[in-house]
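# Just a sequence and a predicted model for now, questions to come.
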Amino acid sequence: MLKTADGGLSSPQARILDVARELFCRDGVHATGIDRILAEAGASKMTLYARYGSKDALLRAVLTEEGKEWRQWFFDRLDEAAPEPRARLHAIVPVLGDWFNGGKFYGCAFMNAVSEHRKDEAWLREMAAAHHREILARFALIGAEAGYGEPATLARQLLLLIDGTIAALMVSGDASVLDIARRNLDAILSAAPRSDGARAPV
C-alpha cells in the first residue's frame, strides 16, 4: 500500500492516481489495464469510476499531475544549477542528463500519450500544447532576464531541443545523445541575438 509522507496509508483515490502515473508512464497507456491499476492500488472499480469516471479521465488526471510535477522539478533544478539566467539555460542538458541517468526515465508523458492515441484526440493534444505553453513561458522569461533579444523565439528553439533530446534518448537509450544535445544548445545560445546587440557568449 502506498503511504503518505507521515507514514499513514494514502486514500484509495490517491493510490489509483499514483499507480496509474507509474504504469502509464513506464509501460504505456494501452498496455495498462484498469484491473491491473486497481490490483496494484488495492482499490475497487467503484472507487475509480466514482472519482474519475473513465480511463480517459484518469489519464487526464495523470497528465495534469505529471506535467505539473515535471515542470516544477525541471525548473527548480535549473534554478539550483546557477543563479545567473544565462547559466541556467546552459544547465538544460545536464539536467536532462540527470533525469536520464536517474533510473526513472520514461520519456515525456505527453508525447508518449499522444503517440498512443488517434491523432484527432483534440483533448489530448490540447493538454500537451498547454504543457508546452507553460514551458515556453518560463523559457521566454529566463531568456529575457538573460538579455536575449528574441526570448519567445529562443524559448521555441530550446523546447524543440528538449523534445528532440528526450525522443532520441527514448529511442536509442544512448547517453552520447546528451553530448550532441549540449553542443546544439551551445550553438543555439551563441547564435541567439542579444537585446543590446552584442554577441552572445558561448
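Cool, got the structure.
# any idea which helix or strand comes after the lengthiest helix in the chain?
Scanning the chain for the helix with the most residues, using DSSP state H, yields helix 55-81. Going down the chain from helix 55-81, the next helix or strand is helix 85-90, by DSSP states H and E.
# Touching that next one from outside, list them.
78-79, 81-82, 139, 142-143, 145-147, 158, 185-186, 189, 201 (C-beta atoms under 8 Å, 6 or more residues apart in numbering). C-beta: built from backbone N, CA, C; applies to glycine.
# mind running it again at 7 Å?
Applying C-beta atoms under 7 Å, 6 or more residues apart in numbering, the contact partners of helix 85-90 are 78-79, 81-82, 142, 145-146, 185, 189.
# So which residues make contact with stretch 26-34?
Contacts for stretch 26-34 (C-beta under 7 Å, 6+ apart): 23-24, 48, 55, 59, 106, 112-113, 116.
# Would you mark the buried spots in it?
The neighbour-count check on stretch 26-34 (16 or more other C-beta atoms under 10 Å) flags 29, 32, 34 as buried.
# Show me what the worst-scoring helix or strand of the chain on mean pLDDT is packed against.
Of all helical and strand segments in the chain, the minimum by mean pLDDT, DSSP states H and E falls on helix 45-51, at a mean of 88. Contacts defined by 3 or more C-beta pairs under 7 Å, 6 or more residues apart in numbering; DSSP states H and E place helix 45-51 against helix 12-27, helix 34-41.
# Of all those, which one is nearest residue 176?
Closest to residue 176 of those, according to C-beta to C-beta: helix 12-27, at 23.7 Å.
# the inter-axis angle of that closest one versus helix 55-81?
Helix 12-27 and helix 55-81 meet at an angle of 80 degrees, taking axes from the mean of the first three to the mean of the last three C-alpha atoms, to 10 degrees as the criterion.
# what about helix 12-27, average pLDDT?
Helix 12-27 carries an average pLDDT of 92.
# Just read off the phi/psi values of residue 194.
Per-residue torsions, residue 194: phi -90, psi 150 (degrees, to the nearest 10).
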